[in-house]
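Participant: fold the following.
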Amino acid sequence: VTWDQYSLKINGERQFIFSGEFHYYRLPSPGLWDDIFEKFKALGFNTASIYFYWGYHSPKQGVYDFEGVRDLSRLLETAKKYGINVISRAGPYINAEVSEGGYPGWLTTMKSKARVGNPEYETAWKEWLTEVDKYLVPNQIDKGGAIILNQIENEYAYGIDPSYMQAIADKFREDGMTVPSTFNDPWPGDHFARGEGSVDIYGWDGYPVQFDCRNPDIWPVNASTYYREFHANVNPTQPMALYEFQGGAFDPWGGPGYDNCRKLVNEQFAKVFYKNNYAQGATIQNLYMAYGGTSWGESPTSSVYTSYDYGAPISEARLMTPKAYEIKLQATFLRDVKPFLTTTNITAEVDNFAIRVDGLRDVSGATTFYIVQHQVTNTTNADNFHIKLNTADGEFAIPRKLDTHITLNGRDAKILTASYDFGSQHLLYSTSEIFTHIKQDSRDVILVYAYEGEHGEFAITSVSGDIQAYGVDANVSNSFDHNVLQVNYIHPEGSTYISTTPSEDGSEMLLIVSGYSSALRWWAPQSSGGETVLVSGPYLVRSAEIEGSQLVLMGDTDVTTDIEIIVSEVISEVTWNGIHVVVTPTQYGTLTGQLPGPEQDVEIPDLAQATWKYSPASPETANDFNDTNWVPADHQATNNPRQPMNLPVLYADDYGYHTGSLWFRGKFNATSDITGLKVNATMGPGSAWIAWLNGDYLGGMTNHFYEFQLNDTVLRQAEENVILLLLWTTGHQEDFVTNDEYKQPRGFSDVSLLGSQTTEITWKIQGNSGGQDIADTVRGALNEGGLYGERMGWHLPEYPDETWGDATVPDTKAKPGVSWYRTTFELDFPKNYDVPMGIQFSDTKTERYRALLFINGWQLGKYANDLGPQTLFYLPEGLLNHNGKNSIAIGVIA
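Facilitator: Okay, the predicted model is just below:
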C-alpha cells in the first residue's frame, strides 16, 4: 500500500477507498459474514472498516478466546474471499456504543487511568495487542491478506498523551504490522497529524446531522465547505480521509426507533453529503455503519438498546434499503471513472445563486467534473440552472438546447462529467450522472440517470448524427454540428436505449437513459477475469462469471423479476443461482428474461398457540435462601474514582461481576429506632432495580435514589432481617473524553438504614455464574447476568423444564419479582430461501417490566416494556435453526 496526495495505491493501482463499517461481534453467526461481505461487494464497497473488541474476547485478564463467533481468522479470510479489503481498528479503546467502550470488564477495577501512559494500563493493553496481532499481522495485504490500513487508538482528542499514542504505534510495529497507520480525529482537529504519536495517513470523522432521530426531517447544518482547506493546511501530502462518516445514527433507550433514523440519514442524505465529501477532495471514505447489526447480550453501552440497526444501508435483518442502492450508484461511478481519483479544484459558475458548484479537473488529463448541490443543504426547493463549462472542449453553458435546464429537486446533488474518454468515445459533457460504462465487444455502453421527468443532455464527438431509440419513450431528440452529436431527452419511468450509428472505425455507442428508480436496480458486477456485466432488475446481484459462452449469475429475488443483461455477444446461455434462464435478444443488443421470486410458502409458528412452561425465579428473596456460595461484599476500599457514600463497597465490578443482572443480599438485626431504608443506585440509562425486605416487595425503581419507609409490619424486631436488591443493568459507559467514565460502577453507592446510627448490614453479592471464570465459553462473557434462571441454565435449549407449570402467553397475571417462560418451536424453511426472522413483543406501555430474550441459549434481546422503543428483535440464522427445533426462554422482571 502506497499513497500520495490524491489517493491510496494498492498493488500499484489507484483506488477510491469506498469503505463500510462492519462489526463481527454484532452478527454472532459466522456463516452470515459471507452474506454481508458479498453484499458489500455487490453495492460497490471495496473495503470494510472493522473494530476489534477487546472485551468480546477477554473475560478475564490473561484469558482470550478467538474461536467460534470470535474467530478472527475466519472473519478476515471471508473478507478476502469476496475481495473486500480491511481497515483494522483494534483500539485498544474503540467506543462504538459498546460496554466500557470496548474495554473488558476486568479493566474497570484498574487503579490507573485509561487512555494515557502508565505502567498498569500499558501492561493491560499490550496484552490485548499481543493477542489480537497474532491474527492481524498475517492477514495484512503484503502477506496475502485483506488488511490495508491499521488504526491507532480511536477518536482520541480529550486529555491526550502523545507518548501513549506513540507507544501503541510502536507496539503494532514490533508485532509486525507494516501497513500504513491511521488515526480518526473525531473532528478536523489536527490531532496526531504531526509530531509524537502521529500516523502515516491522518483523517477525521463527520456526523453532520448528528443523532436526533426524533426530528428526521431536520438537517441542522450545511454540508462542509472547509474540508479541502483544512486538508491543504494539515496533511496535504496524504489523501483526504474520512475514517468515519455518517451512515446512519444510533438511537437511545426511549428513542423514536430506527425507522426514524433511516429517514434522517436516508438516500437523499447520501446524495448530498457524500457527494459533497468528494467535492471537497476525499478519496478515502468509510460509512459508519454500512451494516449495524445487533448489540446482543450484555455488549451494548448503557445508552443504547439491543438493536444497532443504525439506519444503515443494509438493515439489521440484512435487507437492502433505498440508501444501499444509492450508494451502489456512487460507488460504481467512483470505481469506473478513474480520472476522479486525481483531481484539483477549479473555479466553476452557475446561473442560479441557490446552487453551489465545485469544479474538479484531472491533473493528468482534461476530464472535468462539476459537483452541484444547493447552497442551503436542507432546502426542499426545486431549482433549475445552467453550468458554464470551461474544459478542453471549449467554454459554453450547458445544457445548450433552448428551454432546457439542469434541475436539483430538493435534497439532491449531482456529479456531472465533461471532457471524458471512455472506450472509443469522447464525451464532451453529460447533464445526467454517469452510473458506469463498459465495453460490449466493439460497442461502448454508458448508463446515465436522473430523477424521472428531469431534462438530460449528452454530447459526444461523432462522425454521424444518426441515432435510434428503443424502450420507454423519453422524448429523445438530437442534433449534429461540427462532429458533435448532442442527444436530449427527459428521464423516463424505466430506461430508454439510444444507439448511435457505427462510425467509420466501427465503433458504436449504446446510451442507456434511466430514471432514478430504474437506475437503482441496475448492477455492474465484475467477473474474476475483470469483465463488467450490466444487469437490470433483481433485488440483488451478488456475482457474475463468464464461463465460455455461459454467463453465471448469482443473486436474490424478492418477487418474480424481469431481468435485462448487457454482456458480450458470445454469451448464449445464462444461469441464475445454477438454474437455466430463458433469455431473448433485443434489437438493441441486450438479453431479456424473467427470474422467479419466492414461490413456496414459509410457515411461521404462532407463539400464542405454543405450549409454554412457567417458573417463578426469585428464590433469593426468601430469608432462608442458601447464599453460602455468594461472594461476601465486604471491601472497605475501591480503586473506582467514584467513591461510595457508605461502606462496604457495593460495586459489582470490584467482586468480579461485570455484566447483566446483579443481586445484593444484606442482613441486619432490627432495632426499634429504624424508620426507613435509603438506597442510591449507580447505573446507566434504561436500568432498573427492585427491593425486598424479608421477602416482602418494597418497590421497583428506574431512578437512582429512593427512601423506603419501614415499620414493624415488615421489620422483624430483634431478629435477622434480609434485604434483597436486584439491579437490572444496561452495560457500562464509554470513555470518549478520557475521564475513566467507563468505570462508572454498577451497584449501589449507598444502602443505609434510616433512624439508626449503629446497625450494620453485612452484604453478599451474586452475578453471572462463575464471574470472570465464565461457565459458557461458547457464547462468552457477554451472554449472561446473575438472574437465578441464568445461573441455573434455564435459558439453555437442553434445560429440562418438564416439572414446570403450564402457562399461556400472553400472561396477564401479576407476578412479582422474576418469572421465566420457556417454549419450543419448529421451523422448516425451503432451501436457498433467506428468511429474516424476528420476535415481536406487544403490550400496554404502562406495564413496568424488563425482559431478557434467549433463543437457543443466546441472549438476543433486552426488552423494556415501559421504556422502549424496541419491540422487534432480530434472530440471526445460524443461532436460529431454520430447519429444526428451537427454544425460547424469557426472563421477566416485573
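Participant: contacting residues for residue 846?
Facilitator: Shown in contact with residue 846 (CB atoms under 8 Å, 6 or more residues apart in numbering): residue 866. Where C-beta positions appear, they are placed from N, C-alpha and C, glycine not excepted.
Participant: how close does it sit to residue 788?
Facilitator: Applying CB to CB, to the nearest Å, the value for residue 846 to residue 788 is 27 Å.
Participant: one more: residue 498?
Facilitator: 72 Å.
Participant: what bits of the stretch 1-150 of the chain have low per-residue confidence?
Facilitator: The stretch 1-150 of the chain contains no residues with pLDDT under 70.
Participant: how about the helices in it?
Facilitator: 33-43, 54-57, 72-81, 119-136 (DSSP state H, counting those that start in this stretch).
Participant: now the third one and helix 119-136, what's the angle there?
Facilitator: Relative orientation of helix 72-81 and helix 119-136, computed by axes from the mean of the first three to the mean of the last three CA atoms, to 10 degrees: 50 degrees.
Participant: quick one: distance of helix 72-81 to the chain centre.
Facilitator: In terms of CA atoms, centre = their mean, to the nearest Å, the centre of helix 72-81 is set 18 Å apart from its chain centre.
Participant: what residues does it touch?
Facilitator: Under CB under 8 Å, 6+ apart, the answer for helix 72-81 is 24, 30, 33-34, 37, 48, 50, 52, 66, 85-86, 132, 135-136, 139, 145-147.
Participant: next: the second one.
Facilitator: With CB under 8 Å, 6+ apart as the test, helix 54-57 has contacts from 25, 64-66, 70, 90-92, 94, 98-100, 102-105, 128, 131-132, 299, 780-782.
Participant: report the buried residues of it.
Facilitator: Within helix 54-57, the residues that qualify as buried by neighbour count (16 or more other CB atoms under 10 Å) are 54-57.
Participant: out of the residues you listed, flag the one nearest to residue 551.
Facilitator: Distance to residue 551 across these (CB to CB) is lowest for residue 56, with 41.6 Å.
Participant: any idea how far residue 547 is from the closest one?
Facilitator: Residue 56 sits 41 Å away from residue 547, taking CB to CB as the criterion.
Participant: returning to what we had before: quick check: which of the helices of the stretch 1-150 of the chain is buried the most?
Facilitator: helix 54-57 (a mean of 25; mean count of other CB atoms under 10 Å).
Participant: residue 227: what's it in contact with?
Facilitator: Contacts here follow CB under 8 Å, 6+ apart; on that basis residue 227 touches 188, 240, 277, 280-282.
Participant: I should have written residue 513 there, sorry.
Facilitator: Contacts of residue 513 by CB under 8 Å, 6+ apart are 432, 448-449, 456, 458, 474, 476, 489, 491-492, 495-498.
Participant: can you name the residues bridging to it?
Facilitator: In this structure, residue 513 bridges to residue 448, residue 496 when assessed by DSSP bridges.
Participant: which residues does residue 821 bridge with?
Facilitator: Under the criterion used (DSSP bridges), residue 821 bridges to residue 614, residue 890.
Participant: shift numbering so it begins at 32
Facilitator: Got it, first residue is 32 now, which makes that one residue 852.
Participant: hmm, it is touching residue 885, no?
Facilitator: No: Residue 852 lies out of contact with residue 885 (CB atoms under 8 Å); the separation is 10.5 Å.
Participant: intersection of neighbour lists for those two?
Facilitator: 919-921.
Participant: and of these, the nearest to residue 540?
Facilitator: Ranked by distance to residue 540 (CB to CB), those are led by residue 919 at 58.9 Å.
Participant: so how far is residue 858 from that closest one?
Facilitator: 12 Å.
Participant: higher neighbour count, these two?
Facilitator: Neighbours were counted for residue 919 and for residue 858 using other CB atoms under 10 Å; residue 919 has more, 22 against 18.
Participant: residue ranges with poor pLDDT in the stretch 332-481 of the chain?
Facilitator: Using pLDDT under 70, the stretch 332-481 of the chain has no residue that qualifies.
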